[in-house]
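Participant: would you be able to build a 3D model of this:
(chains A and B)
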Amino acid sequence: MSVRNAILGLLAKKPRHGYELRVAFSAVVGGASWDVKPAQIYTTLDRLEESGLVQTKSDIGEGREPDRRIYAITRDGRHALKEWFADGVTSEHQRDEFYVKLMIGLISEEADPARIIQTQRVKLFQELHDATAQRDQYDARAQLAKIFLSDKVIMHLEADLRWLDMIEMRIEAIKKQPLDEVEIRKRGRPKKEDGGSTHPPPAE
Amino acid sequence: MSNIQTEKLTKTYGAGGTTVTALDHVNILINEGEFVAIMGPSGCGKSTLLHLLGGLDKPSDGHVLIGGHNLSDLNDDKLTELRRRKIGFVFQFFNLIPVLNAVENAALPVTLDGVKPVEAKSKATEWLTRFGLSDRLMNRPDQLSGGQQQRVAIARALVANPELILADEPTGNLDTRSSDEIASLLRDVSKQYGRTIVMVTHDPRIAAYADRIIFLKDGKVADETRLEKKNGKNAEDVVEKMKQLSN
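Facilitator: Residues are numbered from 1 along each chain as shown, chains lettered A, B, ... in the order given. Have a look, this model is predicted:
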């Protein structure tokens, strides 16, 4: 979604080649942290063209190879962009692999939860170390955009580390609380001999 | 002085049934020029450890060895001399003298040690200038921001040219931005000027500036981690490499 809308926004400024879009997008998101493959750019552009949000400028006469086409935003494209700007962005914190790992560690008893937490802490500290070192390299007079992104990374890592401290202190308490498992229902039509009820199983 | 070592370092407070063990047989080794952060929950013994390393307190058992010298073997005079000449202290609340200006504050340790005032002030000015305070030399603490006051305090810690800096929550009284500046400055002091720094902090953001983090829990070393430097591998280099690969 971000790539699609970023492309629309970049094209709203001026028509560009696919390659130019990729470079411009990389510059916006600060380079290595968010690698967009050329294929993704072109697939997105194709979809945008199909939806009538961008059009290729064939009158340039540079041929029809994807990397030579010049793309421009349409009126519908500007409208879609406007809608994007008008809405807030939902943050994504629910699908957290570490959280899943910790919970599965607790359920399976195949790993020590305290160790899982400490291992994660060490990893986050390394990331935080890299992020602060990286931010130190930026010049606030010319690279404030990159500093903003670094700060976001740093503050999120900081929050994650604090959260680890918090859960570590309460890990014994959660062990005493059985984790809910969603009830499993039989699939398909109930058999006649079951009298239509499949769950809960009849008491013996 | 080469490195700092603790051997079975133990500190207990109180007596009889109410004894509290603040440090419990702690063995650590800190190398010359290393920047180490000590972390852990309140009451884990991190400040106690720092006080023992600086000879500000005496262990109940075990030893602190600085450059191979056992602090327990030093008499009070020798210990004071070591503290004054070899160790610089940085505190959370800066502890600057309100009626002295930045230069006078930073020069204080060597002035007290009998160095001529002119020479002492010149050394202090040197450090303050390195720390970007050349236009604040004559300001008193109340005319400086928190971050600037802490920079003066770090200059004061360095003025006697110690090899070891002990910092107790050096950013505990600062806003986020000043905290980053101070942590970054401490990293520079360690890397550019080769000083060993041991810093106690509860702030993960600040600890991440160090070369190594030692985690204390219930008076014991629970874990430690060395933070690897990615030499010159910044984002731009990676992007450049990616471009080359995709062409």
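Participant: buried residues in stretch A:74-86, which are they?
Facilitator: Buried residues in stretch A:74-86, defined by neighbour count with 16 or more other C-beta atoms under 10 Å in any protein chain shown: A:74, A:77, A:80, A:81, A:84. The C-beta positions use only the backbone N, C-alpha and C, and glycine is treated the same way.
Participant: can you check stretch A:34-44 too?
Facilitator: With burial defined by 16+ other C-beta under 10 Å, the residues of stretch A:34-44 counted as buried are A:36, A:41, A:42, A:44.
Participant: before we move on, what about stretch B:191-209?
Facilitator: B:195-209.
Participant: let me have the buried residues of stretch A:74-86 in a markdown table, adding pLDDT as columns.
Facilitator: Supplementary listing: the buried residues of stretch A:74-86 in a markdown table, determined by pLDDT from 0 to 100:
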| residue | pLDDT |
| --- | --- |
| A:74 | 95 |
| A:77 | 95 |
| A:80 | 94 |
| A:81 | 95 |
| A:84 | 93 |
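Participant: could you tell me which of those residues belong to helices?
Facilitator: Secondary structure of the buried residues of stretch A:74-86 is defined by DSSP state H; positions in helices are A:77, A:80, A:81, A:84.
Participant: greatest separation within the residues you listed: which pair is it?
Facilitator: A:77 and A:84 (10.7 Å; C-beta to C-beta).
Participant: can you work out which residues contact both of the two?
Facilitator: Common neighbours of residue A:77 and residue A:84 (criterion: C-beta atoms under 8 Å, 6 or more residues apart in numbering or on different chains): residue A:8.
Participant: domain map for chain A?
Facilitator: Taking automatic domain parsing as the domain assignment, the ranges for chain A are A:2-86, A:97-175.
Participant: format the ones you listed as CSV; extra columns: distance to residue B:75.
Facilitator: Formatted as CSV, the entries for these read as follows, by distance: least, C-beta to C-beta, whole Å:
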stretch, distance to residue B:75
domain A:2-86, 56
domain A:97-175, 40
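Participant: Serialize those to JSON lines and add fields for distance to chain B.
Facilitator: Below are those laid out as JSON lines (distance: least, C-beta to the nearest C-beta, whole Å):
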{"stretch": "domain A:2-86", "distance to chain B": "4"}
{"stretch": "domain A:97-175", "distance to chain B": "4"}
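Participant: worst mean pLDDT among these?
Facilitator: Among these, domain A:2-86 carries the lowest mean pLDDT, a mean of 85.
Participant: can you give me the end-to-end span of it?
Facilitator: From the first residue to the last, domain A:2-86 extends over 14 Å; the measure is C-alpha to C-alpha, to the nearest Å.
Participant: what bridges to residue B:221?
Facilitator: Assessed by DSSP bridges, residue B:221 has beta-bridge partners residue B:216.
Participant: could you do residue A:72 as well?
Facilitator: Applying DSSP bridges to residue A:72 gives these bridge partners: residue A:55.
Participant: before we move on, what SS does the residue minimising distance to the centre of chain A have?
Facilitator: Within chain A, the residue whose C-alpha comes closest to the C-alpha centroid is residue A:92; the distance, by C-alpha atoms, centre = their mean, is 7.0 Å. Secondary structure of residue A:92, reduced to three states by DSSP: H, G, I helix; E, B strand; the rest coil: coil.
Participant: ok, it to residue A:177 distance?
Facilitator: 26 Å (C-beta to C-beta, to the nearest Å).
Participant: phi, psi for residue B:85 please.
Facilitator: Listed backbone geometry of residue B:85 is phi -100, psi -30, with angles given as degrees, to the nearest 10.
Participant: can you pull the phi/psi pair for residue B:74?
Facilitator: Phi and psi for residue B:74, reported as degrees, to the nearest 10, are phi -90, psi 140.
Participant: wait, doesn't it sit right on residue B:80?
Facilitator: No: when contacts are counted by C-beta atoms under 8 Å, residue B:74 is not listed as touching residue B:80 (9.0 Å).
Participant: all the strands of chain B, residue numbers only.
Facilitator: Using DSSP state E, the strands of chain B run over B:4-13, B:20-30, B:35-39, B:61-66, B:69-70, B:87-90, B:164-168, B:196-200, B:212-217, B:220-226.
Participant: show me which residues of the last one are buried.
Facilitator: Of the residues in strand B:220-226, those buried under the neighbour-count criterion (16+ other C-beta under 10 Å) are B:220, B:221, B:223, B:224, B:225.
Participant: so where do the helices sit in chain A?
Facilitator: Under the criterion DSSP H, chain A carries helices at the ranges A:2-13, A:18-29, A:38-50, A:75-86, A:97-108, A:113-137, A:144-169, A:171-175.
Participant: what pLDDT does the closest residue to residue B:171 other than its chain neighbours get?
Facilitator: Counting by C-beta to C-beta, 6 or more residues apart in numbering or on different chains, the nearest residue to residue B:171 once its immediate chain neighbours are dropped is residue B:179, at 3.7 Å. pLDDT for residue B:179: 92.
Participant: any idea how far residue B:198 is from residue B:179?
Facilitator: With C-beta to C-beta as the criterion, residue B:179 and residue B:198 are 18 Å apart.
Participant: so what's the closest residue to residue A:112 other than its chain neighbours up against?
Facilitator: Among residues not flanking residue A:112 along the chain, residue A:105 sits closest, at 7.5 Å (C-beta to C-beta, 6+ apart). In this structure, residue A:105 makes contact with A:111, A:112, A:113, A:116, judged by C-beta under 8 Å, 6+ apart.
Participant: ok, and which of the buried residues of stretch B:191-209 reach chain A?
Facilitator: Contacts with chain A within the buried residues of stretch B:191-209, counted by C-beta under 8 Å from any C-beta of the partner chain: B:204, B:205, B:207, B:208, B:209.
Participant: mind listing what the residue nearest to residue B:69 when sequence neighbours are not counted touches?
Facilitator: Using C-beta to C-beta, 6+ apart and skipping the chain neighbours, the partner closest in space to residue B:69 is residue B:82 (7.8 Å). For residue B:82, the contacting residues are B:55, B:66, B:69, B:71, B:74, taking C-beta under 8 Å, 6+ apart as the criterion.
Participant: can you put these in TSV and add pLDDT and neighbour count?
Facilitator: TSV is the format used below for the contacts of residue B:82 (pLDDT from 0 to 100; neighbours: other C-beta atoms under 10 Å in any protein chain shown):
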residue	pLDDT	neighbour count
B:55	90	21
B:66	89	24
B:69	85	14
B:71	91	20
B:74	90	16
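Participant: pull the most distant pair out of those residues.
Facilitator: Every pair in the contacts of residue B:82 was compared (C-beta to C-beta); the two farthest apart turn out to be B:55 and B:69, at 10.6 Å.
Participant: wait, isn't residue B:229 in contact with residue A:133?
Facilitator: Yes: in terms of C-beta under 8 Å, residue B:229 counts as a neighbour of residue A:133; the distance is 7.0 Å.
Participant: give me the more crowded residue out of those two.
Facilitator: residue A:133 (18 against 12; other C-beta atoms under 10 Å in any protein chain shown).
Participant: check contacts around the nearest residue to residue A:15 once chain neighbours are set aside.
Facilitator: When the adjacent residues along the chain are set aside, residue A:15 lies closest to residue A:72, with 4.0 Å between them (C-beta to C-beta, 6+ apart). Residues near residue A:72 by C-beta under 8 Å, 6+ apart: A:11, A:15, A:54, A:55, A:56, A:57.
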